[in-house]
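S.K.: predicted model, plus sequence, below.
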Amino acid sequence: MATLLGNIRLRRYPVGPGMILIWITGAIGLSVAIYRWIVGLKITNMSDNRPWGIWISFDMMSGVGLAAGAFTVAAIVYIFNLKKLYPILRPTILTGFISYILAALTLLVDLGFPQRILNLVTNWNIHSPLFEIGWCVMLYTTVLLLEFSPVVFEALGWKAPLKLIRGITIPLVILGVMLSTLHQSTLGTMMTVLPYRIHPLWYSGLLPVYYFLTAIAAGMAMTVFETYHSARTYQQKFELSLVSTLTKWVPYVLGLYLVLRIGELFITGKYLYLSTDPWPTFMFLIEIMGGALIPAILFADKKVRNNSSGIVWAAFLTMGGLILHRFNTSLVFLNGDFYFPSAAEIIVSIGLSCLGIIAFDAAVRFLPMYPEPTPAKAKEF
Amino acid sequence: MSVNRREFLKMAGIGLGGLVLPVSTPKKQTATKDASESASMLYDASLCIGCRACQTACKERAGLPPVTDSQNLYEFPTELNANNWTLIKLFKENDAYQFIKKQCMHCLDPACTSVCPVKALEKTPEGPVVYHSDICIGCRYCMTACPFEVPKYQWDKVNPLVQKCDFCADRLAEGLEPACGAACPTGALISGRRGHMLEVAQQRITEKPDFYVDHVYGETEAGGTSMLYLANVAFQKLGFPNLDDRPLPEITWPYMKSVPIVFFGMGGLLTAIYYLTHRNEGKEKE
């Protein structure tokens, strides 16, 4: 038994009251999700004229967007050859992997026939953006699993598979970026079929580009937040200089996004809608200013980037900007019946996110996620 | 306001997207090729007396449960839903009134069939848009994408199905007309080839140009629909959306078509960058 488990051992990080709360919330969320499979979707507040709720806007649209850090950081380390960022790669890949598993899990809660999910594999409709997203998410989750597997093999002390995976690391990373580019943007394509439903301030033929750019920015921001949070929880050094180097690129991405978004507004004349209704205008300005412009300025400032609270706040704003954009396009400014999520929907969303934190926590405790001063330490993955 | 919005959307969204994307030729229309020969219905709102025989016939033929109150007394349904596939509503403004029938429009190039990831919805060459309940995964993209908000859901079922008018595809196959049309006592609802229905509609407009709105709703909307409407009240007032002639699937197809280009383009780009950034360390590796 001991040889089978290799170097897997429990790292005794303290378990705080917050973690216990997360365990409880996760358990409740999972129970409600199972209850939903037993009784159906009637425990949700979705209706005929509001067929998509927060499970789509938050868990799918936002969750997948925030998980973009995995492909971005992998590309920066392996393709752009910024090896310096390697220490934050493992947790980022893991965050991505868990996020995709959770998105898939929530999708199974949301689908009317979760047991038929494999129809995606057998019944192709190449015209459907959702078909493409389904395929990319399935394949990319597999890629993430493979990208993460060296950590597990290392812990188990399995040399042969480790060598095999390391041999195909580069093609794997490239494949991951290819698949991510597709499905991150196709989430936007999904919404382009709704020109009569989405408010003109949010409907755009460039939605795929917007979804892709915001995902890159928010994915990096998520990496900052996750690095910061792990450092606090697991008594690691907060790798400020690394995340500072990483987020140097955020202003360029958000800048391009802002130029396109604002430019489109004026080229097409849609800016007129800013003066028709106060509510969409308010939300639009909050999203653009608070979720893109301010974080871009903050990340562009070296002093902010090299300050723990500064960089974390900038990261929060970027992530909030993505979530707000996804909610505005797919829920708030999508015509339909009035909708506010039911308690069951909210607890499933929160609870499944807690399951993600629990999985991450378990990985940190059992696997070599962070460099340690032990003989088992890996040379280079 | 809504006219402005349409124009903006045309230029804005779709135009800009087309500029950015490498491929933007619209997809080949297979369903509309012989659209004039396919099954169609013409509803002349001015001839409808609101007897709701069509509603009843529809429920009977599809085996849908009636709407009942707490004492099991039958009631009128008020909205299209999983158990009401067609519905007569009344528009009234001052002295003018007009009944209007709602059901699936059976678009020639439907958004629902295009967005369904598993082909559970299908536009048959005969005309009907039919639903394959055994394939559906329940993603409800069809419900979101339909510009007429027609597909409805069995929210109270554990294994819920999308429900909507299926144009009585089984009756059509037997050479019968749809149940609603067969039940109509006034001739407000007639069925036949789409080409013929359009001729009849145009003829009625020509005969009474002052009476009818000079437009056959469904002739061009969203690329055209199999259900056609005549009315003497503006269609917007009757609850019909103001739609472009462009079929909705033509918006997404350019993006979907460029998927392989984006995919392999990205792969090539990254491979190139990889060799560029690693050109100096060939010996260090391994």
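M.R.: In hand now; what should we look at?
S.K.: show me where pLDDT drops low in chain B?
M.R.: Scanning chain B for pLDDT under 70 picks out the ranges B:1-33, B:282-286.
S.K.: specify the beta-bridge partners of the residue nearest the centre of it.
M.R.: For chain B, the residue nearest the mean C-alpha position is residue B:107 (4.5 Å; C-alpha atoms, centre = their mean). With DSSP bridges as the criterion, residue B:107 is bridged to residue B:225.
S.K.: so it makes contact with residue B:220?
M.R.: No. Counting by C-beta atoms under 8 Å, residue B:220 is not a contact partner of residue B:107; they are 11.3 Å apart. All C-beta spots, glycine's among them, are computed from the backbone N, C-alpha and C.
S.K.: just checking, residue A:295 touches residue A:312?
M.R.: No. Residue A:295 is not in contact with residue A:312 according to C-beta under 8 Å; the separation is 11.3 Å.
S.K.: in a helix, that's where residue B:130 is, yeah?
M.R.: No. Counting by DSSP: H, G, I helix; E, B strand; the rest coil, residue B:130 falls outside a helix, being strand.
S.K.: which SSE is residue A:15 in?
M.R.: Assigned by DSSP states H and E, residue A:15 belongs to neither a helix nor a strand.
S.K.: which residues touch the nearest residue to residue B:171 once chain neighbours are set aside?
M.R.: Spatial nearest neighbour of residue B:171, chain neighbours left out: residue B:178 (6.1 Å); criterion: C-beta to C-beta, 6 or more residues apart in numbering or on different chains. By C-beta atoms under 8 Å, 6 or more residues apart in numbering or on different chains, the contact list for residue B:178 reads B:41, B:167, B:168, B:171, B:172, B:191.
S.K.: mind redoing it with 7 Å?
M.R.: Residues near residue B:178 by C-beta atoms under 7 Å, 6 or more residues apart in numbering or on different chains: B:41, B:167, B:168, B:171, B:191.
S.K.: identify, from those residues, the entry nearest to chain A.
M.R.: Nearest to chain A among the contacts of residue B:178 is residue B:167, at 20.0 Å by C-beta to the nearest C-beta.
S.K.: against chain B, how distant is residue A:214?
M.R.: 16 Å (C-beta to the nearest C-beta, to the nearest Å).
S.K.: that residue contacts residue A:260, correct?
M.R.: No. Contact criterion C-beta atoms under 7 Å: residue A:214 and residue A:260 do not qualify, at 10.9 Å.
S.K.: residue A:295 and residue A:312: who's more crowded?
M.R.: residue A:295 (28 against 19; other C-beta atoms under 10 Å in any protein chain shown).
S.K.: distance of the residue nearest to residue B:171 relative to chain A?
M.R.: From residue B:178 to chain A the distance is 23 Å (C-beta to the nearest C-beta).
S.K.: pull up the residues of the stretch 101-250 of chain B that are close to chain A.
M.R.: By C-beta under 7 Å from any C-beta of the partner chain, the residues of the stretch 101-250 of chain B that approach chain A are B:111, B:114-119, B:135-141, B:143-145, B:147, B:149, B:152-153, B:155-160, B:241, B:243, B:248-249.
S.K.: in PyMOL, select just the buried ones from those.
M.R.: This is the PyMOL syntax for the buried subset of these, where burial follows 16 or more other C-beta atoms under 10 Å in any protein chain shown:
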select buried, chain B and resi 111+114+115+116+117+118+119+135+136+137+138+139+140+141+143+144+145+147+149+152+153+155+160+241+243+248+249
